[in-house]
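Asks: Below are the sequence and a predicted model for it; my questions follow.
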Amino acid sequence: MTLFSVAGKTVVVTGGSRGIGKMIAKGFRDAGATVYIASRKKHELDATAAELGCEAIQADLSTSEGIQTLVEAVSARESRLHVLVNNAGAAWGAPLEEYPEHGFDKVWNVNVKAIFFLPLEEYPEHGFDKVWNVNVKAIFFLPRAFLPLLRAAATPDDPARVINIGSIDGIRVPAMENYAYAASKAAVHMLTRQLAHRLARESITVNAIAPGPFESKMMAFALDDPELRGAIESTVPLGRIGRPDDMAGTAIYLASRAGSYLTGAVIPVDGGLSTHG
């Protein structure tokens with residue numbers, strides 16, 4: 001069947017060396033796509049690339065220099081980019097009274113600033129900075145930087161795809177006090193919709209996946225503890241932690257012909273957790 005095929009597509013997965021990013025990268029690679037993964041830590045990145053059979057690009061996407069490094073490296077090897085998965089992220093948890101400013105800044109730089117900067121070709125960075133310093137303090141860079149390659153891959157019948165990784169913590173109030181993370185993911189969801197609206201005319205779809213609990217470094221503190229793991233599983237209506245195929249399957253659907261008419265959606269992949277409200 002070709003309905004869910006991504007064979008021959010070129011895919012970039014940020015934060016692809018571990019956790020949800022690695023799950024998605026493996027799914028695309030196993031399905032016949034050419035996959036580039038990017039992250040900060042070279043040893044971990046190279047090990048994952050060797051394990052999965054994909055290309056590794058070391059880049060710190062919390063900085064404009066890191067974004068440029070990634071875009072230039074991919075552009076030197078590829079003339080088209082079919083799928084961009086914005087997965088790189090960070091979390092910082094602390095009680096309200098103790099939440100540090102640098103913790104908020106770090107989460108924003110990784111979760112939001114590395115994804116997008118719009119309006120696209122003309123909007124000046126200093127203009128967005130001025131607004132964000134007052135209201136949100138975030139800019140999104142990566143899809144704009146990859147626009148030439150995304151446009152080259154896009155057709156009305158087979159759009160180029162941008163897949164942002166949000167979180168159910170951006171949909172509902174999280175159980176833990178993780179203010180910057182939850183706020184950043186809510187911003188990712190809204191900016192997904194804004195990007196989808198703007199880029200639809202160019203045959204580029206933009207959707208978000210909002211994961212619940214999955215095996216990842218971010219969740220290891222809880223899932224490695226049998227008692228905490230059991231407590232988390234008990235809150236999930238389907239009664240388990242997410243598996244790699246759950247995440248990879250959703251990303252592949254969004255990138256395949258089956259998902260070509262979907263844009264601006266935020267899809268909870270959470271075993272039903274978001275049904276709690």
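Replies: Noted; the coordinates are in hand. Residues are numbered from 1 along each chain as shown.
Asks: The stretch 101-250 of the chain: strands as residue ranges?
Replies: 160-165, 204-211 (DSSP state E, counting those that start in this stretch).
Asks: Adding mean pLDDT and distance to A182, write these out as JSON lines.
Replies: From N, CA and C alone the C-beta is placed, and that goes for glycine too. Shown next, in JSON lines, are those (pLDDT from 0 to 100; distance: least, CB to CB, whole Å):
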{"stretch": "strand 160-165", "mean pLDDT": "94", "distance to A182": "14"}
{"stretch": "strand 204-211", "mean pLDDT": "96", "distance to A182": "11"}
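Asks: so how far is stretch 11-20 from its chain's centroid?
Replies: Stretch 11-20 has its C-alpha centroid displaced from the chain centroid by 8 Å (CA atoms, centre = their mean, to the nearest Å).
Asks: can you check stretch 192-201 too?
Replies: 16 Å.
Asks: As CSV, could you dump the C-alpha coordinates of it?
Replies: In CSV, the C-alpha atoms belonging to stretch 192-201 read as follows (Å, rounded to 0.1, in the frame of the first residue of the first chain):
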residue,chain,number,x,y,z
THR,A,192,1.3,25.4,14.6
ARG,A,193,-2.1,26.7,13.7
GLN,A,194,-0.7,30.1,12.5
LEU,A,195,2.0,28.4,10.4
ALA,A,196,-0.6,26.0,8.9
HIS,A,197,-2.8,28.9,7.9
ARG,A,198,0.1,30.9,6.3
LEU,A,199,1.8,28.0,4.6
ALA,A,200,-1.2,26.2,3.2
ARG,A,201,-1.1,28.4,0.1
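Asks: returning to that earlier point: dump the strands of the stretch 101-250 of the chain to a markdown table, plus mean neighbour count and distance to G271.
Replies: Below are the strands of the stretch 101-250 of the chain laid out as a markdown table (neighbours: other CB atoms under 10 Å; distance: least, CB to CB, whole Å):
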| stretch | mean neighbour count | distance to G271 |
| --- | --- | --- |
| strand 160-165 | 27 | 17 |
| strand 204-211 | 26 | 10 |
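Asks: Pipe those strands into JSON lines and attach distance to V188 per row.
Replies: Shown next, in JSON lines, are the strands of the stretch 101-250 of the chain (distance: least, CB to CB, whole Å):
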{"stretch": "strand 160-165", "distance to V188": "5"}
{"stretch": "strand 204-211", "distance to V188": "6"}
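Asks: what about those, which gets the closest to R80?
Replies: strand 160-165 (8.1 Å; CB to CB).
Asks: neighbouring strands for that closest one, and are they parallel or not?
Replies: Strand 160-165 has its sheet partners listed here by DSSP bridges as strand 83-86 (parallel), strand 204-211 (parallel).
Asks: would CSV of those strands with distance to M219 be doable?
Replies: As requested, the strands paired with strand 160-165 are exported to CSV (distance: least, CB to CB, whole Å):
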stretch, distance to M219
strand 83-86, 19
strand 204-211, 10
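Asks: and the gap between G8 and D245?
Replies: Here the criterion is CB to CB, to the nearest Å. By it, G8 lies 21 Å from D245.
Asks: re the thing from before, so for H43, which of the strands paired with strand 160-165 sits nearest?
Replies: Using CB to CB, the strands paired with strand 160-165 put strand 83-86 closest to H43, at 22.0 Å.
Asks: got the contact list for that closest one?
Replies: 6, 9-14, 16, 21, 24, 28, 33, 114-116, 142-143, 146, 150, 160-165, 188, 251, 255 (CB atoms under 8 Å, 6 or more residues apart in numbering).
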